[in-house]
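Chemist: predicted model and sequence below, questions to follow.
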Amino acid sequence: MKVVVDEEKCVAAGQCVSAATDVFDQRDEDGIVVLLDENPPAELAEDVRNAAAVCPALAIRIEE
């Protein structure tokens with residue numbers, strides 16, 4: 001699994017951070033998503049898929 005984020009689409013809602021705190025964070029200055037691990041371990045796959053699903057801006061893409 002590879003995670004790709006589009007910072008241009010991000011609306012700083014923070015849903016991804018709530019869903020997968022080990023993979024996503026937010027910049028302090030504007031709340032835009034920060035990808036902490038572009039290749040998360042298999043045990044986090046469900047959380048990452050959930051984060052992509054709940055992103056209101058569809059800024060998270062998963063490549064299998």
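Modeler: It's in.
Chemist: which other residues reach stretch 25-34?
Modeler: Residues from elsewhere that reach stretch 25-34 (CB atoms under 8 Å, 6 or more residues apart in numbering): Val5, Glu7, Cys10, Ala12, Gly14, Cys16, Val17, Phe24, Leu36, Ala59, Ile60. Backbone N, C-alpha and C define where each C-beta goes, glycine included.
Chemist: where are the low-confidence patches of this protein?
Modeler: Applying pLDDT under 70 to the chain flags no residue at all.
Chemist: pull the longest helix from it.
Modeler: Using DSSP state H to define each element, the chain has its longest helix at helix 45-54.
Chemist: surely Glu38 touches Lys2?
Modeler: Yes. Taking contacts as CB atoms under 8 Å, Glu38 lies within contact range of Lys2: 5.9 Å.
Chemist: and Ala52, how far from Asp28?
Modeler: Separation of Ala52 from Asp28 (CB to CB, to the nearest Å) stands at 23 Å.
Chemist: what of Asn50?
Modeler: Applying CB to CB to Asn50 and Asp28 gives a distance of 24 Å.
Chemist: repeat for Ser18
Modeler: 17 Å.
Chemist: do Val11 as well
Modeler: 17 Å.
Chemist: of the two, which one has the most company?
Modeler: Higher neighbour count among Val11 and Asp28: Val11, with 13 against 7, using other CB atoms under 10 Å.
Chemist: secondary structure element for that one, which one?
Modeler: Using DSSP states H and E, Val11 sits in no helix or strand.
Chemist: the closest residue in space to Gln15 that isn't next to it in sequence: neighbour count?
Modeler: Leaving aside its sequence neighbours, Gln15 sits nearest to Val54 (CB to CB, 6 or more residues apart in numbering; 4.4 Å). Burial of Val54 is recorded as 14 neighbouring residues (other CB under 10 Å).
Chemist: can you tell me which residues contact Val54?
Modeler: Contacts of Val54 by CB under 8 Å, 6+ apart are Gln15, Cys16, Ser18, Ala19.
Chemist: dump the longest helix of the chain to CSV, keeping only the CA atoms.
Modeler: Provided in CSV are the C-alpha atoms of helix 45-54 (Å, rounded to 0.1, in the frame of the first residue of the first chain):
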residue,chain,number,x,y,z
ALA,A,45,-4.4,-0.5,6.1
GLU,A,46,-8.0,-0.4,7.4
ASP,A,47,-7.4,2.9,9.2
VAL,A,48,-5.8,4.4,6.1
ARG,A,49,-8.6,3.3,3.9
ASN,A,50,-11.1,4.8,6.3
ALA,A,51,-9.2,8.0,6.4
ALA,A,52,-9.3,8.2,2.6
ALA,A,53,-13.1,7.5,2.7
VAL,A,54,-13.9,10.2,5.2
